[in-house]
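>>> okay, here's the prediction I keep looking at, along with the sequence it came from:
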Amino acid sequence: MQPSSPRILVVDDENTLSELLSMALRYEGWEVRTAQDGRGALRVARDFRPDAVVLDIMLPDMDGLEVLRKLRADSPEVPVLFLTARDAVEDRVAGLTAGGDDYVTKPFSLEELVARLRGLLRRLHRSTIWDGAVLVVGDLIMNEESREVTRAGREIRLTATEFELLRFFMRNPRRVLSKAQILDRVWNYDFGGQANVVELYVSYLRKKIDAGRPAMIHTMRGAGYVLRPAT
């Protein structure tokens, strides 16, 4: 169950921006910690155990993408929202490829950032009428309460976004899901028109779910994607 006061770690070397973000997030009733560099972020994360991280890519001591990789090694499910002045498509894709869950470019509105953080927290802690249910498609099993996923008895570790995407597939087996449907259900907004985020995360799932096994996730050209038991 989602804690009453989500813990948010803000990592940015601009003091004014960090203070502004902290004030806005505390106004939401959230507990906030800050760090000004990558090493500090990793130290704080180990003790604070954040529910979500706002992470600037350009940090003074190490690249934000490297910070993310180290965070993922310790907390594979924690949602990460990249915050950066870079707005090129390739930078967005680089951040998402590294495992980020969302991406906001400077300048930004505090309302948008807070809304996106709420979305990430819902994705990680969403409670539904299926709580405690076990979803089974072929040899793929998901326990929605414990958030454990296995295929053929082998554990599969997923990020929060990957888990939510797979859950959507597993609740709709054999049904062709369009990119628009997936964006609306998993991301809850248009993602700035970057529909290729769906392709990106489907590729992540395939590497974890289908690698070395008969494929379960199939592309239906011009229509979307479908999850079927392996034959």
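Now that the structure is in, tell me what you want to look at. Numbering: from 1, shown residues only.
>>> now do the phi/psi pair for V137.
Main-chain torsions, V137, degrees, to the nearest 10: phi -130, psi 110.
>>> and it, bridged to which residues?
Taking DSSP bridges as the rule, V137 bridges to L140.
>>> so it touches R167, yeah?
No - V137 is beyond contact range of R167, at 11.0 Å (criterion: Cβ atoms under 8 Å). C-betas here are computed from N, CA, C, even on glycine.
>>> which secondary structure element of this protein has the lowest mean pLDDT?
Ranking every helix and strand in the chain by mean pLDDT, DSSP states H and E puts helix 89-97 at the bottom, with a mean of 59.
>>> export the helix or strand just after that helix as PDB, just CAs?
Downstream of helix 89-97, the first helix or strand assigned by DSSP states H and E is strand 102-105. Below are the C-alpha coordinates for strand 102-105, written out as PDB (Å, rounded to 0.1, in the frame of the first residue of the first chain):
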ATOM      1  CA  ASP A 102       9.800  10.000 -17.500                       C
ATOM      2  CA  TYR A 103      11.500  13.100 -18.800                       C
ATOM      3  CA  VAL A 104      10.900  16.800 -18.100                       C
ATOM      4  CA  THR A 105      12.900  19.600 -19.800                       C
END
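>>> name the helices or strands packed onto the helix or strand that strand 102-105 is followed by?
Tracing the chain C-terminally past strand 102-105 and defining elements by DSSP H and E, one meets helix 110-125 next. Packed against helix 110-125 by the contact rule (3 or more Cβ pairs under 8 Å, 6 or more residues apart in numbering; DSSP states H and E) you find helix 15-27, strand 52-56, strand 80-84, strand 102-105, helix 160-171.
>>> show me what the third one is in contact with.
Right, strand 80-84. By Cβ atoms under 8 Å, 6 or more residues apart in numbering, the residues outside strand 80-84 that reach it are 12, 52-58, 64, 68, 71, 91, 95, 99-106, 108, 113, 116-117, 120.
>>> cheers, nothing more for now.
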